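**Student:** need coordinates for the below:
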Amino acid sequence: MNCLSQQEERLFEAFIILTLARKVLQNDLINVEKSFFKLKEPYLQLIHSSIGSISKELFEIKKQLHKQSIKIEFGPNDGTFSEFHCYFRGYVKTSRFLNMHLRNKVQEKLSHFFIANSKLS
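**Tutor:** The predicted structure follows:
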């Protein structure tokens, strides 16, 4: 039984995808800083601006979740599926997502942010 409205469901999924996307970019930032690229700065700027955009969007989503008294926790990851717990209006919803699906969604979101943050002139 799904007691979340469509808007709440979108917030739930967006929170998960954006949180994972920010985590991926933070790990990539560390790897790029340690790498031996001749021109690191453009990559670093792109990653920093994307992290900033994701953080702003996550802030708005967290604000809406808080306003609706929804709490989301990351559960265990067994290598194939990741589990998430959503607490709302006295209910607990446990969702399991296929890791490959999450990876594809995060990749789509990152592509969106990279295109939006690249300034080709």
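
**Student:** I'd assumed Leu18 was in contact with Ile54.
**Tutor:** Yes - shown here, Ile54 and Leu18 form a contact pair, counting by C-beta atoms under 8 Å, at 5.5 Å. Quick note: C-beta positions are derived from backbone N, CA and C, even for glycine.

**Student:** between those two, what contacts are shared?
**Tutor:** With contacts taken as C-beta atoms under 8 Å, 6 or more residues apart in numbering, the residues that reach both Ile54 and Leu18 are Lys109.

**Student:** tell me which element the nearest residue to Lys109 once chain neighbours are set aside falls in.
**Tutor:** Excluding the flanking residues, the one nearest Lys109 by C-beta to C-beta, 6 or more residues apart in numbering is Ala21, at 4.9 Å. Remark: Ala21 resides in helix 6-34, with elements defined by DSSP states H and E.

**Student:** would you map the helices across this protein?
**Tutor:** Remark: helices assigned in the chain by DSSP state H are 6-34, 41-67, 99-117.

**Student:** so which of those helices is nearest Val92?
**Tutor:** For the helices of the chain, proximity to Val92 was assessed by C-beta to C-beta; helix 6-34 is nearest, at 12.6 Å.

**Student:** which per-residue confidence value corresponds to the residue nearest to Lys109?
**Tutor:** As predicted, Ala21 sits at a pLDDT of 97.

**Student:** wait, doesn't it sit right on Ile54?
**Tutor:** Yes - if you go by C-beta under 8 Å, Ala21 and Ile54 touch, sitting 5.7 Å apart.

**Student:** okay, and the common contacts of those two?
**Tutor:** Residues touching both Ala21 and Ile54 (C-beta under 8 Å, 6+ apart): Lys109, Phe113.

**Student:** thank you, goodbye.
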